[in-house]
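Visitor: Predicted model and sequence follow; I will ask about them next.
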Amino acid sequence: THSTPRLACSTQTQATTGIGVLALTAAERAVEVAEVAGAMSLEALLGTPEPFRKEIHEARPHRGQGISASRLRTLLADSDIRKSHQEDDPRVQDAYSLRCMPQVHGAARQALGYVRGVLEVEANSATDNPLVFPSAKVVVSGGNFHAQIVAQALDLLTIAVADLAVISERRIERLLNPDLSVGLPAFLAKRPGVESGFMIAQVTAVDLLGELRILAHPASVDSVTTSANQEDHVSMGLGAARKARRAVGLLEQVLATELMCAAQGIEYRRPLTGGRGVEIAHKRVRTVVSELEHDRPLGPDLDALTDLVRSGNLARIALEIDR
C-alpha cells in the first residue's frame, strides 16, 4: 500500500486520468477560442472567408475540419469589412495560417475527440491490481493499472495544442509585419518607429511557443525499468498529463496575445464592422483591455485576456449565435 502513490508517477492511471480530464476540458475550450481569434485576425488582415465554404469541407469530410469551418462561417457572417474589398482585391489566396484554419484547427478538434473517448472509458474503468470478481470467486492479477493508452492520448493532446499555438503565432506575425498586414501600421503602433506597439507581445508568444515545442516531445516513449526488471515497461503517464496541462496554459496565453493584436488591427479598419461573431468577440475583449493609444506595459493586458480565454466567454460565441 505504501508504494501506490509512487506508482502513480509512472504507471497507474488515476492521477494521470484526473489531470488529463482537466487538460482536456481546457483544451476543448481553447480550440473554440482559436476559431474566434483566427476570425478576428482574418478580418483585421482583410482576408476572405471563401475557403470556409461548406462545399470545400464536404469534399474532404473530416469531422473536426467541418466543425471548424462551420464555426468560422458563423463568426464571419455579415461582415462589412469583407464587403469592402470583395470585388477589387488583387490577392488570389490568403496565407495558410488564414486559409487553412479549418484543416489545422479541425485536426486539433479531432485529436481532442479521440482523447475524450479514451478518458471517458478510463474514468469509468477498474484499474487496480489485483481485481476481485465476486461472481467467479477469484482474485486475479492483471495489467489494467498500465496507463499507456492514456499517456499516448495525452501526448497527442499536447501535440494538438502546440500546433494551435504555432498557427496562432503565425497570424500574430502577419498582423504586426507591415509587409504582410495589408496596410496596418508596423507592430500596430499608433506612431510606428517611435513606439514599439505589440512587438514585445509577439516576442513573448514566440518564447511560449519554444516551450510548447519542447513539451510536445512524447512522454509515453520514455519508458524506464523499475523493480528489478519486473516492471520493465512503464507509461510515464503522469508526466504526459502534467505536460498536457502546462501546454494548454501556454496556448491560452498565445491566444490571448492574438486576440489583443487582432482587436487592435480591427480598430484600424473602422468605421467598417466585422462579422457578427467577430464584433461580439471584439466587444468582450474591450471589456478587459482597452485600445493601445500609446506604449504601455502589456503584461496586465495579457493576464486579463488569458483570464477571459479561460472563462469560456469567448468560446461560446459561435454556439450562442447558432441557437
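Guide: Now that the structure is in, tell me what you want to look at.

Visitor: And the helices in the protein?
Guide: Remark: helices of the chain, listed N- to C-terminal, are 4-7, 13-44, 54-58, 63-76, 80-85, 96-99, 101-123, 148-176, 199-215, 237-267, 276-286, 299-311, 317-322; assignment by DSSP state H.

Visitor: Nearest approach to residue 221 belongs to which of these?
Guide: Of all the helices of the chain, the one in closest proximity to residue 221, counting by Cβ to Cβ, is helix 148-176 (8.2 Å). Every C-beta, even on glycine, is put in place using the N, C-alpha and C of the backbone.

Visitor: so how far is that closest one off the chain centroid?
Guide: Helix 148-176 has its C-alpha centroid displaced from the chain centroid by 6 Å (Cα atoms, centre = their mean, to the nearest Å).

Visitor: how far off helix 237-267 does that helix point, in degrees?
Guide: For helix 148-176 against helix 237-267, the angle between stretch directions is 20 degrees (axes from the mean of the first three to the mean of the last three Cα atoms, to 10 degrees).

Visitor: now the angle between helix 101-123 and helix 148-176, please.
Guide: Calculated by the same axes, to 10 degrees, helix 148-176 forms an angle of 150 degrees with helix 101-123.

Visitor: Reformat the helices of the chain as a markdown table; add mean pLDDT and mean neighbour count.
Guide: As requested, these are exported to a markdown table (pLDDT from 0 to 100; neighbours: other Cβ atoms under 10 Å):
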| stretch | mean pLDDT | mean neighbour count |
| --- | --- | --- |
| helix 4-7 | 50 | 12 |
| helix 13-44 | 97 | 24 |
| helix 54-58 | 98 | 13 |
| helix 63-76 | 98 | 22 |
| helix 80-85 | 90 | 16 |
| helix 96-99 | 98 | 18 |
| helix 101-123 | 98 | 20 |
| helix 148-176 | 98 | 24 |
| helix 199-215 | 98 | 17 |
| helix 237-267 | 98 | 25 |
| helix 276-286 | 98 | 20 |
| helix 299-311 | 98 | 18 |
| helix 317-322 | 88 | 16 |
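
Visitor: Looking at the ones you listed, which is nearest to residue 139?
Guide: The stretch from those with the least distance to residue 139 (Cβ to Cβ) is helix 4-7; that distance is 17.1 Å.

Visitor: re the thing from before, okay if I get the helices of the chain as CSV plus distance to residue 189?
Guide: CSV is the format used below for these (distance: least, Cβ to Cβ, whole Å):
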stretch, distance to residue 189
helix 4-7, 53
helix 13-44, 15
helix 54-58, 36
helix 63-76, 27
helix 80-85, 21
helix 96-99, 22
helix 101-123, 26
helix 148-176, 9
helix 199-215, 8
helix 237-267, 9
helix 276-286, 18
helix 299-311, 15
helix 317-322, 28
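
Visitor: Residue 142: which of those is closest?
Guide: Evaluated with Cβ to Cβ, the helices of the chain place helix 13-44 nearest to residue 142, the distance being 13.0 Å.

Visitor: Quick one: list the elements packing against that closest one.
Guide: Counting contacts by 3 or more Cβ pairs under 8 Å, 6 or more residues apart in numbering; DSSP states H and E, helix 13-44 is packed against helix 63-76, helix 96-99, helix 101-123, helix 148-176, helix 237-267, helix 276-286, helix 299-311, helix 317-322.

Visitor: now with 7 Å?
Guide: Where contact means 3 or more Cβ pairs under 7 Å, 6 or more residues apart in numbering; DSSP states H and E, helix 13-44 is packed against helix 63-76, helix 101-123, helix 148-176, helix 237-267, helix 276-286.

Visitor: Quick one, which of those helices gets closest to residue 36.
Guide: Nearest of those to residue 36, taken as Cβ to Cβ: helix 276-286 at 4.9 Å.

Visitor: Taking helix 237-267 as reference, get the angle to that closest one.
Guide: Helix 276-286 and helix 237-267 are oriented at 100 degrees to each other (the same axes, to 10 degrees).

Visitor: who touches helix 276-286?
Guide: Identification of contacts with helix 276-286 by Cβ atoms under 7 Å, 6 or more residues apart in numbering yields 36, 39-40, 43, 74-79, 259, 263, 266, 273-274, 305, 308, 313-314, 317-318, 321.

Visitor: how about it as CSV, C-alpha atoms only?
Guide: This file holds the C-alpha atoms of helix 276-286, laid out as CSV (Å, rounded to 0.1, in the frame of the first residue of the first chain):
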residue,chain,number,x,y,z
ARG,A,276,-21.4,39.2,-36.2
GLY,A,277,-19.3,36.9,-34.1
VAL,A,278,-16.2,38.9,-34.6
GLU,A,279,-17.9,42.1,-33.3
ILE,A,280,-19.2,40.2,-30.2
ALA,A,281,-15.7,39.0,-29.5
HIS,A,282,-14.2,42.4,-30.1
LYS,A,283,-16.6,43.9,-27.5
ARG,A,284,-15.8,41.2,-25.0
VAL,A,285,-12.1,41.8,-25.5
ARG,A,286,-12.6,45.5,-25.0
